[in-house]
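Participant: sequence and predicted structure below; questions after.
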Amino acid sequence: MVESVTERTGEVPEDMELVYAFPRSMARVSTHYCPGCVHGIVHRLVGEVIDELGIRDRTIGVAPVGCAVLAYNYFDVDFVEAAHGRAPAMATGIKRVHPDSIVFTYQGDGDLAAIGTAEIIHAANRGELITTVFINNGIYGMTGGQMAPTTLPGMVTTSTPTGRDCRVAGHPVRMSEILAQTEGTAYITRQMALDVVSIRRTKRAIKRAFLTQMHGLGFSCVEVLSTCPTNWHMDPWAAMQWAKENMASYFPVQTFKMTEAVEALKV
Amino acid sequence: MGNGWVVVDVDRCKGCGLCTHVCPVGILTLSEDAFNARGYHPVVVTDPSQCTGCAACATICPDIVFTVYRRARRSRRSAARAVPASV
Amino acid sequence: MVKQLLKGNVAFAEAAIRNGLEAYFGYPITPQSEALEHFSRRMIEEGRVFLQAESEVAAINMVYGAACAGARVMTSTSGPGLSLMAEGLSYIAGSEVPVVVVNMMRGGPGLGNIQPSQADYFFMTKTAGHGDFHPLVLAPSTVQELIDMVGLAFELAERYRTLVIVAGDGSIGQMMESAELPPMRPPRSEWPSWAVSGARDRPPNVLTSLYLGAENLEALNLRLQAKLQEIKRREARFREFETQDAEMLLVAYGTAGRICLSVLREARKKGLRVGLFRPQTLWPFPEARLAALAERVLGILVVEMSAGQMLEDVQRVVGARAPVGFHGRMGGVIPMVDEILEDLYALAHSVGCASAAHA
């Protein structure tokens, strides 16, 4: 067995500076997510953003139902657990009574685009000063791999065993495009977390979204094209390549709404 | 001698292998025989002297395994002089 | 304070505001929409939080969020809306945050109609949606009692960190009566320490109803059951009228209870020794007192605007002590004094009640 805690690479050279460390806003626990799951990456980005903006002690998170149902164990901030799809409504209640707090929801594609469609559209439309991080991996991971509203046509899932038939199940839903139509939104963007460059861009987008809230500019949402290696039956790296090749064409990586004030933010 | 260094928190690693694909100097690999406390094959740094401190590994890691160090620009020239030309 | 002519829905809304309500989230539904309208004006005037949600589903989840954030918060609705809220009620119960819900019952099931009924009794008392739980249910029968119970509801919700439902009906919500409102309370300076508000100088607070390990969830449930037992021991409330010499007993709550007061007076005029037992809490049901009264009477008539829901609790509590009869109307029909009297006398004769002889 390898020595636990630290790999034996020797002492850190004296003249080197710390460039990346464990984010303060993340809890010192291991997550239950599958190896290579993008949830782990995006959780970390949110934690880094909260640290860089110095808002850990006024941030309140709202966890979804889905693989990220235990998100509240992985962050060192106040958190509540929402019913499936209802996170934007809970976030509305929290933010309206604690307007100085920074409230974010973290939701998957079933939570946000199926059962929670009404809640997210209305929260966005009202311009609730909350931020939504939307993980789109085109499948229901937690319950074992069923079709999601964003499952691609022809994709095999446990509830579309012969591939998604759009005549029966409809076409995948493009939520960012829909949300951007509403008046209350200030920043709606779709990103992907499928390689180092796009992950860094996703982080910037999440930071801009939190800044949008901090400056009271309107509703912000970052959709992140992600993978589900386990239920796609691929290894993590192959899953990322597959997502780049297949998801990005149907779900364009693009910013759909950015008001002038949001654009002017120093990110 | 590279300008970077990583410390690996071995027991956090789930052996997903994402970092091994993005390291620009190819010094990350999953150990073949060794296991960590969670039963995964954790990442090992094969040649730390090549690390550039780019933090690509830390950027893609879902499990916050890496702590990254880098030599600041002002220190690099003196570090470069310290290395014998024959290396 | 001065008595005013108040509509039930407006009265409970204003009473909530004067009891320090900090946030209201609701959705229009007959027969309580006047409350939402009153809140929409007065909450803003008082600088508090008001929002008309996009559905009852959204409303109860906004309430749940604000309650987790420590706010004194409520919503109001009718049967169809309560059904939509059931999921939220269960989460509220499981995460032990204080919430008040006013339910102005109407004819059902389904879309039903907008007339008054008492057909949500099972729903409100037996469960808070799925899972093992009982909301605390208060049942006013006049506008004044509705006002008073709103204040009591907040007190109990916060004392026990539980869900309290104030069960009115379309009649109470719509009627205008003379009543007194409480004085305006000053706003709270301190909010509960368990709430989410930003983890400044303390470890993070997490509010959830998710307990994945079975032993952990059982531990939560044991805690909830202990809380419910304490509520049962301490919070049962009722009123009784002319029970000291009663040979017959009427049992009814809310609007039916109020009508039975008139039935009692008519029957007494004709010489029937009848009393009225009016539960003010439907859960915890005032079992001990009812059982004691049942020992002393010859027959009990339960009157409800339903197919007989409280009836089952009465039958269970009374057991073999006395025969239990029932007079019920459904669909939003309000039972009248005459028809109740008829059934009361029929029951009285069948049990050989001496004072019924002269009717």
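Facilitator: That came in fine, so what should we check first?
Participant: pull the longest helix from the chain.
Facilitator: Using chain A here. For chain A, the helix that runs over the most residues, judged by DSSP state H, is helix A:196-214.
Participant: look at chain C instead
Facilitator: Longest helix in chain C, counting by DSSP H: helix C:214-234.
Participant: is chain C contacted by the following helix or strand past the longest helix of chain A?
Facilitator: Beyond helix A:196-214 on the C-terminal side, the first helix or strand identified by DSSP states H and E is strand A:219-225. No. Using CB under 8 Å from any CB of the partner chain, we find that strand A:219-225 stays clear of chain C, coming within 14.3 Å at best. Bear in mind the C-beta positions are built from the backbone N, C-alpha and C, glycine included.
Participant: and strand A:219-225, which strands flank it?
Facilitator: strand A:131-136 (parallel), strand A:185-192 (parallel) (DSSP bridges).
Participant: among the ones you listed, which comes closest to C:His358?
Facilitator: Closest approach to C:His358 among these (CB to CB): strand A:131-136, 73.1 Å.
Participant: can you give the distance of the closest one from its chain's centre?
Facilitator: Centroid displacement of strand A:131-136 relative to its chain, using CA atoms, centre = their mean, to the nearest Å, is 4 Å.
Participant: okay, how far is it across stretch A:21-29, tip to tip?
Facilitator: For stretch A:21-29, the first-to-last residue distance is 15 Å (CA to CA, to the nearest Å).
Participant: quick one: residues in contact with it.
Facilitator: A:43-44, A:46-48, A:50-51, A:56, A:59, A:73-77, B:64, B:67 (CB atoms under 8 Å, 6 or more residues apart in numbering or on different chains).
Participant: try 6 Å this time
Facilitator: Here stretch A:21-29 makes contact (CB atoms under 6 Å, 6 or more residues apart in numbering or on different chains) with A:Gly47, A:Glu48, A:Ile50, A:Asp51, A:Arg56, A:Tyr74, A:Phe75, A:Asp76, B:Ile64, B:Thr67.
Participant: out of those residues, which touch chain C?
Facilitator: A:Asp76 (CB under 6 Å from any CB of the partner chain).
Participant: follow-up on the earlier one: state the mean pLDDT of the helix or strand that the longest helix of chain C is followed by.
Facilitator: Later in the chain than helix C:214-234, the nearest helix or strand by DSSP H and E is strand C:238-241. Averaging pLDDT along strand C:238-241 yields 98.
Participant: next one: strand C:238-241 to chain centre, how far?
Facilitator: With CA atoms, centre = their mean, you get 16 Å for strand C:238-241.
Participant: in that strand, what counts as buried?
Facilitator: C:Phe238, C:Glu240, C:Phe241 (16 or more other CB atoms under 10 Å in any protein chain shown).
Participant: over to stretch A:72-83?
Facilitator: Neighbour-count burial for stretch A:72-83 [16+ other CB under 10 Å]: A:Tyr72, A:Tyr74, A:Phe75, A:Asp76, A:Val77, A:Asp78, A:Phe79, A:Val80, A:Glu81, A:Ala82, A:Ala83.
Participant: so, low pLDDT: which residues of the chain?
Facilitator: Chain wasn't specified; assuming chain A. A:1-10 (pLDDT under 70).
Participant: try chain B instead
Facilitator: B:77-87.
Participant: closest residue of it to chain A?
Facilitator: Distance from chain A to each residue of chain B (CB to the nearest CB) is smallest for B:Pro62, at 2.5 Å.
Participant: the longest helix of chain A and chain B, any residue contact?
Facilitator: Yes. Helix A:196-214 reaches chain B (CB under 6 Å from any CB) through A:Val196, A:Ile199.
Participant: contacting residues around that helix?
Facilitator: Counting by CB under 6 Å, 6+ apart, A:45, A:49, A:53, A:102, A:129, A:131, A:186-187, A:189, A:191-193, A:220, A:222, A:224, A:262, A:265, A:267, B:22, B:56, B:59-60 sit against helix A:196-214.
Participant: what of stretch C:238-258?
Facilitator: C:116, C:139, C:141, C:169, C:171, C:260, C:273-280, C:286, C:289, C:293, C:297-305, C:314, C:348, C:353, C:355.
Participant: the chain: helices as residue ranges?
Facilitator: You didn't say which chain, so I picked chain A. Using DSSP H, helices in chain A cover A:38-53, A:87-97, A:109-110, A:117-125, A:166-169, A:175-180, A:196-214, A:229-232, A:236-250, A:260-263.
Participant: the chain in question should be chain C.
Facilitator: C:8-18, C:33-45, C:56-68, C:79-95, C:121-126, C:143-160, C:170-174, C:214-234, C:254-269, C:287-296, C:310-318, C:337-350.
Participant: out of the helices of chain A, deepest packed?
Facilitator: Ranked by mean neighbour count under mean count of other CB atoms under 10 Å in any protein chain shown, the helices of chain A are led by helix A:87-97, which reaches a mean of 30.
Participant: what's the offset of the longest helix of chain C from the middle of its chain?
Facilitator: 21 Å.
Participant: which non-adjacent residue is nearest B:Thr46?
Facilitator: Nearest residue to B:Thr46 in three dimensions, chain neighbours excluded: B:Ile27, at 5.0 Å (CB to CB, 6 or more residues apart in numbering or on different chains).
Participant: quick check: the one you found touching B:Val44?
Facilitator: No. Using CB atoms under 6 Å, B:Ile27 is not in contact with B:Val44; the gap is 9.1 Å.
Participant: now do C:Met74 against chain A, distance only.
Facilitator: Using CB to the nearest CB, to the nearest Å, C:Met74 is found at 12 Å from chain A.
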